[in-house]
Every structure is written in C-alpha cells, then in structure tokens.
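Trainee: My questions concern the predicted model and sequence given below.
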Amino acid sequence: MKYVFLKDMAYRRARIVLTIISVACLVALILLMGGIMKGLRMQARDYVESVEQQAETGTVWLSTERSGSTFAGFSLLNSEHLEILRSLEGVDKDIPLSPIIFAQARPVINGKETKAVVVGYQKGKLGGPSEKDKTDPNAPFYPIIGRLFQSSQYEDYRPMDIPPGEVIVDELTGLEIGQNVELAGKPLRVVGKTRGKFFVFDTPLLFMDIRTAQETVLSNVIYVNTVLVKVAEGYNPLQLANEIKERSTVRVDAHTGNQIVEIILANYVDEPMKGVQALRIMLWIATGLIVAMITYVTTREKIREIGVLKAIGASDKYVVSLILKQVVIMTLAGIILGIILAYLAAGVFPIMVVVSTSESLLVAVITMAVCLYGGYIAAKRAASVDPMIAFRGR
Amino acid sequence: MNSLIESINITKKFGESESAVVAVDNVNMSIYEGELLVIMGESGSGKTTLTSLLGCILRPTSGSLIIDGTEVDYDSEDLSMIRREKVGFVFQLFNLIPYLTALENVIIAMDIAGIKEHEAEERAKELLTQVGLPDRMDHRPSQLSGGEQQRVSFARALANNPLVVFADEPTANLDSRNSASIMQLIEKLCNERRTAFAVVTHDERLRTDADRILEMQDGRIL
Ligand SMILES: Nc1ncnc2c1ncn2[C@@H]1O[C@H](COP(=O)(O)OP(=O)(O)O)[C@@H](O)[C@H]1O
Ligand SMILES: [Mg+2]
C-alpha cells in the first residue's frame, strides 16, 4: 500500500498540522533573518559599488592614515594637500581626484529627526548622481527625478563660496520636490529624488554639493572624509593604492573599491550580525529537535502498532521508511508554508528584507537534512520496539 | 507426515543465571501440514513464549528450529522475513491497525511482503469473504465488533499463505457467542486449506475438533 503513511497522518492530523505550523514558523524566521542580512549586505555595498560603476576603471579611496577608511573609522583629509597625486602615473587624467564627505547625520525630515547619511561631492566628479543618471538607465544612480543641485562657484575651497542649499533625497523618505530638509539648522530644499539609494538599515542617502556638506556637517572647514582617486584605464587599483601609500607626502590609507566593500560588510553586517547568525543556527537545531521530538513522541504512542507490524513481519527498514515518509511530508509542508510566510512577511517588514529563491532553496535543503536526521534517529528508536508487545495486554 | 516447523531442545530463559525464569524448557515438537494443533496449559506455563519461539518472534536461549526443512540461522538470518513469509499470527487483542480499514489491514500484511497492491487487494477481498466479512471491508476496527475484528485478524494472518498460523488465545477477549463462531471459523479454515493452525486456548470446545493437543506445564510439554 503506497499511502499507509498518509492514512496514519490523517488519523493523527491535529498533531501533524501543529508540527507543520511550528516548522513553518521556524523556517520563516530563519529565512527572514537571512533576508535581513541579505538586505543589509545589499544596502551596505550599494553606494561604493555605484561609485565604482561610475568610475568604470576602478577606484582608490583615500583616508586618514590608520583610520581604516572613512567607513570604518574617523577620517578627515585636506584635499588640497593631496592635489599632488594628480600627476602620479596610473591616476586618471580627466577625473583624477574626487573629494567626498560621507557622514552619518540626523536631519529633520517631515518635522521628525531622522537618521541619514550625508553624501557631499562635486557634481562633475565621482561620488553621486551626475547628469548622465537622469537619462541613462544603465547609469548607477538612475533614475533621478527632478534635477541635480546647483554647485558652488569654484572648484577649490573658499569659505564664502556657498551654493544654494539644495539636496537630492531618496523617494522613500516621502519628501516631495520643493519641500525642505533641515540639516544642522540649515534648510535644504529638495530638488531631486533617487530610487533605492540607502546605506544599511534603510538609512537614506542625502546627496548634496561638497560645500553644502562641509558647511552643514563639518562647520564649513576645508576638510573632506575621503578623496576618491580614479584609476587610469589599464592600471591595477591595488598597485596604485600601494603606490599612493608609499609615495604620498601626506600619510594616507588607500583602499581599492573592493577592499572598501569588504570593510563595510565586515563592519556593518558580518560582525554585528554574528549573533543573528548564531541564532539562525540555533533555530535550525530547534527545528530538527521539534521534528525529532514530535516524531519520537508520536512513535511512542504508536509503539503497539509498530510492534504489531514487526510481529507480522515488517522489517526495521519498512518501519523506518514508514516513519521517515511522514517526516518528509511534515517537513516539506512546513518548509513550503514557511517560505510562503517569509515572502509575505518580507513585504510588510519595517526594514528591507531580501528573501531570495536561492536562499529559500538552501534553507529548504538544510532544514530537510536537519529534520531527516532528527526523524531518522527517532524512527530508528521506534523500529527497535520489541514485537512481543503484540502478545501483551494493554 | 510432513513437518512444517520442528523445534529441537528449544529453551527460552528470561533474566540472568540465579533469578532466570525458564519460560520454555527443552521443548521438542513439530507442527504438521494442515493440522489443527491445540496448545493448552495454565497461565504462565509458557504457551505464549513457545508460540513466539516457533513463529520466530523470539530468539531461543538454546536449541534450534527447523522451518520448511531448513534450520533457522539466528545469527545471520533476518527473522522478520520468516515472519512475513512462513507464519501468520493472531493475537488475543486483535491488534488491527486503527487507521486502516478491514481491507487495508489485510493488504498491509502483503505490502510488508512486497506484494503488488492490485494483487494484494484481490487476495484480501477473497480472504475477507472467506472469514465471513464480505460486507465489512471498508470498516475501521473501531466500527467492528470484537468477533469481526478477530476475523479480520485471521484474514491478515493468512494473507501471505503461511505454513502455520499461530493464534494465542484468540477468544480470550470475546463473549461466548463470538468465541464459538471464531472456533468454528478456525475449524473451517483448517479444513479448507493446507495451512496448519496452532491455537493456544482454554476453550474446551476446540479440544474435540483438534487433531492434536499439547499440554504445557512449567515450560515443558507433558
Ligand atoms: N519478557 C519476560 N521477562 C521475564 N519473564 C517472562 C517474560 N515473558 C514471559 N515471562 C515468564 O515466562 C513464563 C511463561 O510466560 P508465558 O509464555 O507468557 O506463559 P503463558 O502464555 O502460558 O501464560 C511466565 O512465568 C512469565 O512470567
Ligand atoms: Mg499467554
């Protein structure tokens, strides 16, 4: 009979349904935790990768020596002191150096103090949306709704040369063009909007002219957080980074774009999320334990049935496979329901959660393996029932 | 006569040395083709233990067993194979699987032996008709009377055409009317088939119809 195990399950359906729901909840939690981390990773790398894409030929990010980059430590550079690097071999001639401010801030958005990252850059250089991003779907900051901010008059730092306070925000802030954002007491008018430009934990990026950023978050000083070097075509970013570290008269840290991505991931995702990872593994163990325990308790109840099956000739293998088929069905149903739950929950989650098909598959496979292992141990024990029980009274 | 199952000095002890209970003590016996063998004896005399030794549910402490001409190799053989192919069991408490219908309870015995579903269903229907339950096939055990459940048990025991069906006090849980009809069923089945029946019972009625009666006392056959 092909479906003995299903008939058994139908007979004990309340317990089966409860098990399936428990597995589903745990699977959904495991997936959501993974989804949160995946969302964090995507947001963590998005800005630097967009800039890398903008540079095309590779980037080297300069920061205060031993700061570990502006994304990991505190970095302030006087960009004028680095002007000398323009002429270094391997540095792009068109856009050699791009000063950037990348700073956490608490602007007032829609009347509420909100976390945000201020990105100050020079419009014609690297570091933020350019004219190209308004029309080219392949541009890294595409699409830009509205327009770009007006720039300061001079390329070099002059204290009085302050452009109109204008900012480009992400559309998820809910701000409309023409509204104001207040940053360090100064109102900045929203002139354009980006789509999906965040740093970790849905922190929106506020793009503005470097001078506006200096004025608002750095008390109008000459300093910037990082200076971006565009690598000339055909040159290796890593070599250039090493060369800059050796040759620069001002002592600096120099990282390639890839290194910066690694630093950000380690700092903002992998290290802080270690606990979540551990929790995920514990949830997996819990899932396996639940399935094993319920299987075991259920088989304890069925001890007489199993003994009778053995007495009338069922091999241990037959009994184990009967029980394992139920474990597979329960686990599979739990996993599928869990994945559906995770997708539904991801949509309404307060922070970005990315549940992917490949992640779901991986979770399904691992959960199945863990539950099969637990179920197998329980089934093995159940199959060792003494068939003499069939002769005994109740 | 052809001996289907033969025990040679078969002994079963429970427990260790001093305090060991010798439940079956050096029993030599045979069960022959087509016979109705009745095993009687006081409670605790070793009837159940002997039955399960002969039916390969228990391993003996010493002695040997010859089934269908070959000695059982307790060290390497899978006893479950003997149980599903050579013998059938009927228990005092019926022991039907509660979530299966009468028909499925018979089919599962064949499923265990790897018989194809279609063939098993045919045979199960025949057997249930033979035991007098042609119209109870789709009933669950809980929907059947004790007597009916025990009839299903006999059909299940016969499913794989065993050499011997062992029935351990099959009527002990039935009222006298149902007991009588089960006894009649045993006689009928025994007459209709070449299968031997070894029935443990206190029922005097079966005494008259038995081909042979074994009396047990303290693990020995008198
Ligand atoms: N698993 C066991 N452990 C210990 N003693 C047992 C066990 N099974 C049976 N016995 C003992 O063996 C003897 C024979 O038991 P049994 O074969 O059940 O007798 P009967 O079926 O004739 O009533 C009894 O004394 C019983 O207590
Ligand atoms: Mg007994």
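Mentor: Nice, thanks for sending it over. Remember, predicted model here, so these are calculated numbers, not experimental data. Ligands and ions are numbered 1, 2, ... in the order given.
Trainee: lowest-pLDDT helix or strand in chain B?
Mentor: When each helix and strand of chain B is scored by mean pLDDT, DSSP states H and E, helix B:204-209 comes last, with a mean of 81.
Trainee: What count of nearby residues applies to A:E176?
Mentor: Per other C-beta atoms under 10 Å in any protein chain shown, the neighbour tally for A:E176 reads 11. All C-beta spots, glycine's among them, are computed from the backbone N, C-alpha and C.
Trainee: correct me, but it touches A:V190?
Mentor: Yes - with contact defined as C-beta atoms under 8 Å, A:E176 counts as touching A:V190 (6.9 Å).
Trainee: if we can go back for a sec, sort out which residues of the least confident helix or strand of chain B are buried, please.
Mentor: The neighbour-count check on helix B:204-209 (16 or more other C-beta atoms under 10 Å in any protein chain shown) flags B:L206 as buried.
Trainee: Can I get that helix in PDB, CA atoms only?
Mentor: This file holds the C-alpha atoms of helix B:204-209, laid out as PDB (Å, rounded to 0.1, in the frame of the first residue of the first chain):
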ATOM      1  CA  GLU B 204     -12.800 -26.900  25.700                       C
ATOM      2  CA  ARG B 205     -14.900 -26.900  22.600                       C
ATOM      3  CA  LEU B 206     -11.800 -26.900  20.400                       C
ATOM      4  CA  ARG B 207     -10.500 -29.900  22.200                       C
ATOM      5  CA  THR B 208     -12.900 -32.200  20.400                       C
ATOM      6  CA  ASP B 209     -12.000 -30.900  17.000                       C
END
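Trainee: how far does it sit from the chain's center?
Mentor: 18 Å (C-alpha atoms, centre = their mean, to the nearest Å).
Trainee: Check which element follows it along the chain.
Mentor: strand B:212-217 (DSSP states H and E).
Trainee: how many neighbours does the residue in chain B that chain A sits nearest to have?
Mentor: Across chain B, the shortest distance to chain A (C-beta to the nearest C-beta) belongs to B:R84, at 2.4 Å. Per other C-beta under 10 Å, the neighbour tally for B:R84 reads 26.
Trainee: element containing whatever residue of the stretch 201-350 of chain A ends up closest to chain B, please.
Mentor: Nearest residue of the stretch 201-350 of chain A to chain B: A:G313, at 2.4 Å (C-beta to the nearest C-beta). Secondary structure assignment for A:G313, by DSSP H and E: no helix or strand.
Trainee: now do the one 5 residues further on
Mentor: Under the assignment given by DSSP H and E, the secondary-structure element containing A:Y318 is helix A:316-348.
Trainee: now that helix, how far from the chain's geometric center?
Mentor: Distance, centroid of helix A:316-348 to centroid of chain: 27 Å (C-alpha atoms, centre = their mean).
Trainee: Just want the angle from whichever helix or strand comes after that helix to helix A:316-348.
Mentor: Counting by DSSP H and E, the element after helix A:316-348 in chain order, helix or strand, is helix A:357-383. For helix A:357-383 against helix A:316-348, the angle by axes from the mean of the first three to the mean of the last three C-alpha atoms, to 10 degrees is 150 degrees.
Trainee: for whichever helix or strand A:L18 is part of, the distance to its chain's centre please.
Mentor: Assessed by DSSP H and E, A:L18 sits inside helix A:13-55. Centroid separation for helix A:13-55 versus its chain: 9 Å, with C-alpha atoms, centre = their mean.
Trainee: neighbouring contacts of the next helix or strand after that helix?
Mentor: Going down the chain from helix A:13-55, the next helix or strand is strand A:59-64, by DSSP H and E. The contact list for strand A:59-64 (C-beta atoms under 8 Å, 6 or more residues apart in numbering or on different chains) reads A:48, A:51-52, A:69-70, A:73-77, A:82, A:126, A:225-231, A:237, A:240-241, A:244, A:252-257, A:260.
Trainee: which of those residues are buried?
Mentor: Here, 16+ other C-beta under 10 Å leaves A:48, A:51-52, A:69-70, A:75-77, A:82, A:126, A:225-231, A:237, A:240-241, A:244, A:252-257, A:260 buried among the contacts of strand A:59-64.
Trainee: By residue count, tell me the biggest helix in chain B.
Mentor: Looking across chain B with DSSP state H, the single longest helix is helix B:176-192.
Trainee: Okay, buried residues for that helix please.
Mentor: B:N178, B:S179, B:S181, B:I182, B:M183, B:L185, B:I186, B:E187, B:L189, B:C190.
Trainee: what about chain B, any weak spots by pLDDT?
Mentor: B:1 (pLDDT under 70).
Trainee: residues in it within reach of chain A, list them.
Mentor: Residues of chain B lying close to chain A (C-beta under 8 Å from any C-beta of the partner chain) are B:48, B:51-52, B:57-58, B:78, B:80-85, B:88-89, B:91-93, B:95, B:97-100, B:104, B:107-109, B:111-113, B:117, B:120, B:156-157, B:160, B:168.
Trainee: thinking again about what came up before, if you count contacts, what does the least confident helix or strand of chain B end up packed against?
Mentor: If contacts are counted by 3 or more C-beta pairs under 8 Å, 6 or more residues apart in numbering or on different chains; DSSP states H and E, helix B:204-209 sits against strand B:36-41, helix B:176-192.
Trainee: Reformat these as JSON lines; add distance to ligand 1.
Mentor: Listed next are the helices and strands packed on helix B:204-209 as JSON lines, based on distance: least, C-beta to the nearest ligand atom, whole Å:
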{"stretch": "strand B:36-41", "distance to ligand 1": "6"}
{"stretch": "helix B:176-192", "distance to ligand 1": "18"}
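Trainee: how about the ones you listed in a markdown table, adding distance to A:A383?
Mentor: Output for these, formatted as a markdown table (distance: least, C-beta to C-beta, whole Å):
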| stretch | distance to A:A383 |
| --- | --- |
| strand B:36-41 | 30 |
| helix B:176-192 | 32 |
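Trainee: mind checking which of these is nearest A:T212?
Mentor: helix B:176-192 (97.6 Å; C-beta to C-beta).
Trainee: Point out the other helices and strands that the closest one packs with.
Mentor: Looks like helix B:176-192 contacts strand B:36-41, helix B:146-158, strand B:196-200, helix B:204-209 (3+ C-beta pairs under 8 Å, 6+ apart).
Trainee: So which of those is nearest A:A10?
Mentor: Comparing these by C-beta to C-beta, helix B:146-158 comes nearest, at 20.0 Å.
Trainee: what angle sits between the closest one and strand B:196-200?
Mentor: 140 degrees.
Trainee: Now do helix B:146-158: distance to the chain's middle.
Mentor: 11 Å.
Trainee: angle of that helix against helix B:176-192?
Mentor: Going by the same axes, to 10 degrees, helix B:146-158 makes 20 degrees with helix B:176-192.
Trainee: This completes my enquiry, with thanks.
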